[in-house]
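Novice: With the input below, show me the fold.
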Amino acid sequence: MQFRQQALSKLQSPEDLDVPVRYARPQGLLVLTVTLVVMAAAGVWAVTGSVDSTLRATGILTHGQGSYVLQSPVTGQVTRVVAEEGKRLAAGAPVLEVRTERGDRAVRAIVAGRVTSLAARIGTVVTTGSDVATVERVTDEADPLLAMLYVPADSAATVPVGASVDLTVQTAPSEKYGTLRGRVKAIGRTAQSRQKITGFLGDKELAGQFTKNGQPVAVLVQLDRSSRTESGYAWSTAGGPPFGLDSMTPAAGAVHLAEQRPIDWLLP
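Specialist: Predicted structure coming up:
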């Protein structure tokens, strides 16, 4: 009865019908419109969008066949250095000469390759088994460069063969020349110890850097070739650096993993 009396009293006051209806303020409409647009955009992106996951790792440019450390087979004083760093040697070619008690002896390359470092100089006294040079195995001077990345073992399983890779090369600043382009060619099956990496690269210091956070997995990256650049490889910029690239140059790679949807929809 109470509500009925209120309704009857409203009918007896027709002047209230002239009160204008209050609509929402313009500010409120703007906030509501923006909210609806954002919600709609988020819904579309959730259905059609994707997230590009990137894995970063350090590595080095190489010809892919590894290096070896040349050791002196005799004890004596170095009297002559025949080889030069960066130059290619044939198998059996002399690297340096050592004066021994039985005369001068030549220390020769075991396998053909390119001399990447010389530890012995004229006047240096070497002993049997001491390191005198590091030689990278190179069959042909035209052999293409590759990048060897050392990925943390717990992340290696997420790297697919064929994934695109952007490489930053130490001798070519990315802010000036861009990044070097490549794709994953092969993934190692087991983690690499410091000894194995040293045996492949012929460099203990580099092996120590790559294993300082544990034993990594080696990921081989094939560089994209290009006839339009001075280096012979494809870069994110038009021309890349105006010079060639050398093996045993440190590099850092960003491996682009498979794209993932931000939301996994559950369908009946």
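Novice: mind showing which ranges of the protein have poor pLDDT?
Specialist: Per-residue confidence of the chain (counting by pLDDT under 70) places the weak regions at 1-52, 258-268.
Novice: now the strands: where do they sit in it?
Specialist: 54-62, 67-71, 76-81, 88-89, 94-100, 103-108, 113-118, 125-126, 131-137, 146-152, 164-169, 180-187, 216-223, 250-256 (DSSP state E).
Novice: So which of those is nearest S231?
Specialist: strand 180-187 (8.2 Å; Cβ to Cβ). Every C-beta, even on glycine, is put in place using the N, C-alpha and C of the backbone.
Novice: on that earlier part again, any chance of the strands of the chain in TSV, plus distance to S231?
Specialist: TSV is the format used below for the strands of the chain (distance: least, Cβ to Cβ, whole Å):
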stretch	distance to S231
strand 54-62	11
strand 67-71	21
strand 76-81	30
strand 88-89	19
strand 94-100	29
strand 103-108	32
strand 113-118	17
strand 125-126	37
strand 131-137	18
strand 146-152	13
strand 164-169	9
strand 180-187	8
strand 216-223	9
strand 250-256	13
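Novice: could you dump these to JSON lines with distance to T198 and mean neighbour count?
Specialist: What follows is the strands of the chain, written out as JSON lines (distance: least, Cβ to Cβ, whole Å; neighbours: other Cβ atoms under 10 Å):
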{"stretch": "strand 54-62", "distance to T198": "13", "mean neighbour count": "20"}
{"stretch": "strand 67-71", "distance to T198": "8", "mean neighbour count": "21"}
{"stretch": "strand 76-81", "distance to T198": "24", "mean neighbour count": "16"}
{"stretch": "strand 88-89", "distance to T198": "21", "mean neighbour count": "20"}
{"stretch": "strand 94-100", "distance to T198": "20", "mean neighbour count": "19"}
{"stretch": "strand 103-108", "distance to T198": "20", "mean neighbour count": "15"}
{"stretch": "strand 113-118", "distance to T198": "13", "mean neighbour count": "20"}
{"stretch": "strand 125-126", "distance to T198": "20", "mean neighbour count": "17"}
{"stretch": "strand 131-137", "distance to T198": "11", "mean neighbour count": "21"}
{"stretch": "strand 146-152", "distance to T198": "13", "mean neighbour count": "23"}
{"stretch": "strand 164-169", "distance to T198": "23", "mean neighbour count": "21"}
{"stretch": "strand 180-187", "distance to T198": "21", "mean neighbour count": "20"}
{"stretch": "strand 216-223", "distance to T198": "13", "mean neighbour count": "22"}
{"stretch": "strand 250-256", "distance to T198": "16", "mean neighbour count": "20"}
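Novice: Please name the nearest non-neighbouring residue to K204.
Specialist: T198 (5.1 Å; Cβ to Cβ, 6 or more residues apart in numbering).
Novice: That'll do, ta.
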